[in-house]
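Enquirer: Take a look and give me a structure for this.
(one chain, ligands or ions: 2)
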Amino acid sequence: MLVLGIETSCDETSVAILRGKNEILSNIVSSSLFRHQEFGGVVPEIASRHCLEQIDLVLAQALQEAKVSLRDIQLIAVTKGPGLIGSLFVGMGFAQALSYQLGIPLVAVNHLEAHFAANFIGQAVPDRYVGLLVSGGHTSLTYQENGKYELLGETEDDAVGEAYDKVAKIMGLDYPGGPAMDKLAARGNPRAILFKKPKQEKPLDFSFSGIKTAALYAVKDMKTGERKSDAPSNEDLAASFQYAVVRWIVEKALSACELKDVRHIVVGGGVSANSHLRAELIRQAGEQGIQVLIPPQSLTGDNAAMIARRGIELFELGQLADLRLTAKPNLRIAG
Ligand code: KG4
Ligand code: ZN
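Expert: Ligands and ions are numbered 1, 2, ... in the order given. Presented below is the predicted three-dimensional model:
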């Protein structure tokens, strides 16, 4: 089966073509990031306009690279949420029109569930697993069994990617700061600044607003202590921040496995690109005989291949969408 995936939930416009569940024929991503950088964050109107301008071109490129024509496509999968309403509408309207014109089925995909599906292209799906979602808008732990999701914990305030981006901004780095922080951290001392772990009522919940404020004070201290030879550097702050958040995330993911007596962790979301998170999670889980599925770097960010992959599952479950479908900006996992 040839499936066309369409993803326009935020600042990316992506179209992918998959042959069955395991073969990516093309996966084109056009990002509008460069247009948002001067504003220090994503501007929704700019993002949706970019999606509108790009969608035709990205589709043409995806078809060309896959060496197929529109008439060969048998299923369309599109993101229904969560995300920015304007961007979502562009992809959904486009997908509905294509499905109507070609007379082929349409499925509407939850973007968060698709981040997990990115792992299953060419990989067997474990029967039971703990899902760790780490993105710019969401941070959660779920228990997943036979397609059913149980929420074990989520962030009480900022998402981990958001915390990365905010701390990076304080440090004067460009948006989104996650990748830049990751690089800086590699050259710093992770023990230079000790960040206190937040205390929480529910042990599998997350909180990142405290560390963000602590980082802000650390930057102020760094500025006043600039002339002292032992003052921490930007690299030290990035390394200490990264060391702390990764330690908390890994600890909670492993506790979730213990709670549910599970041997697999499946990771999804943009922060799964983080080098320290990847290494520590694989190392510590491995010590306990737990296998970690983490997407290849090319599928960690928002992309349409993961939407198409999740779309095939929904199609097999008979969960088809129709032309009354509408965008769900606040959709939750399993929503
Ligand atoms: O999943 P995603 O592409 O978009 C959402 O659906 O939110 O995640 C984007 C987030 C941004 O906050 C970005 O800074 C973060 O992922 N990110 C990283 C890294 N690469 C991307 N954070 C830390 N380290 C990275 N290497
Ligand atoms: Zn995402």
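Enquirer: Write out the residues of the stretch 1-150 of the chain neighbouring ligand 1.
Expert: Proximity of the stretch 1-150 of the chain to ligand 1 (CB under 6 Å from any ligand atom) is limited to residues 135-137. Quick note: C-beta positions are derived from backbone N, CA and C, even for glycine.
Enquirer: If we use 8 Å, what do you get?
Expert: Selection of the stretch 1-150 of the chain residues close to ligand 1 by CB under 8 Å from any ligand atom yields 9-10, 12, 83, 111-112, 115, 134-138.
Enquirer: Report the buried members of the residues you listed.
Expert: Among those, those scoring as buried are 9-10, 12, 83, 111-112, 115, 134-138 (criterion: 16 or more other CB atoms under 10 Å).
Enquirer: and which of those residues is nearest to ligand 2?
Expert: S135 (4.6 Å; CB to the ion).
Enquirer: The closest one reaches D158, doesn't it?
Expert: No: taking contacts as CB atoms under 8 Å, S135 lies outside contact range of D158: 11.7 Å.
Enquirer: and the nearest residue to L88 once chain neighbours are set aside, what is it in contact with?
Expert: Distance criterion CB to CB, 6 or more residues apart in numbering; nearest residue to L88, sequence neighbours excluded, is A327 at 3.8 Å. A327 sits next to 80-81, 83, 85, 88-89, 92 when contact means CB atoms under 8 Å, 6 or more residues apart in numbering.
Enquirer: same thing but 10 Å
Expert: A327 sits next to 8-9, 78-93, 108 when contact means CB atoms under 10 Å, 6 or more residues apart in numbering.
Enquirer: Among the residues you listed, name the ones in strands.
Expert: With DSSP state E as the criterion, strands contain 78-81, 108 from among the contacts of A327.
Enquirer: Tell me the buried residues within these.
Expert: Burial by neighbour count, 16+ other CB under 10 Å: within these this picks out 78-81, 108.
Enquirer: how about those residues in JSON lines, adding distance to I294?
Expert: What follows is those, written out as JSON lines (distance: CB to CB, whole Å):
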{"residue": "V78", "distance to I294": "25"}
{"residue": "T79", "distance to I294": "21"}
{"residue": "K80", "distance to I294": "25"}
{"residue": "G81", "distance to I294": "24"}
{"residue": "A108", "distance to I294": "26"}
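Enquirer: CSV for these, including pLDDT?
Expert: CSV is the format used below for these (pLDDT from 0 to 100):
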residue, pLDDT
V78, 98
T79, 98
K80, 98
G81, 97
A108, 98
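Enquirer: can you put the residues you listed in a markdown table and add distance to ligand 2?
Expert: Output for those, formatted as a markdown table (distance: CB to the ion, whole Å):
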| residue | distance to ligand 2 |
| --- | --- |
| V78 | 15 |
| T79 | 9 |
| K80 | 14 |
| G81 | 11 |
| A108 | 16 |
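Enquirer: And those, which two are furthest apart?
Expert: Using CB to CB, the two most remote members of these are V78 and G81, lying 10.5 Å apart.
Enquirer: which residues do the two both contact?
Expert: Common contacts of V78 and G81, defined by CB under 10 Å, 6+ apart, comprise 9, 88, 92, 108-109, 327.
Enquirer: of those, closest to ligand 1?
Expert: When the shared contacts of V78 and G81 are compared for distance to ligand 1 (CB to the nearest ligand atom), S9 wins out at 6.6 Å.
Enquirer: tell me the pLDDT at the residue positioned nearest the centre of the chain?
Expert: Centroid-nearest residue in the chain: G269, 2.0 Å away (criterion: CA atoms, centre = their mean). At G269, the model reports a pLDDT of 97.
Enquirer: Could you pick out the residues of the stretch 151-300 of the chain near ligand 1 for me?
Expert: 159-162, 164-165, 168, 176-179, 181-182, 242, 268-271, 273-275, 277, 300.
Enquirer: Could you give me the PyMOL syntax to select whichever of the residues you listed are buried?
Expert: Applied in PyMOL, the following selects the buried portion of these according to 16+ other CB under 10 Å:
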select buried, resi 159+160+161+162+164+165+168+176+177+178+179+181+182+242+268+269+270+271+273+274+277+300
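Enquirer: Let's see which of the residues of the stretch 151-300 of the chain next to ligand 1 end up in strands.
Expert: Those of those mapping onto strands are G268, per DSSP E.
Enquirer: Okay, helices next: where are they in this protein?
Expert: All helices of the chain, identified by DSSP state H, fall at 33-36, 44-66, 85-102, 111-117, 160-170, 178-185, 209-224, 234-260, 275-287, 304-316.
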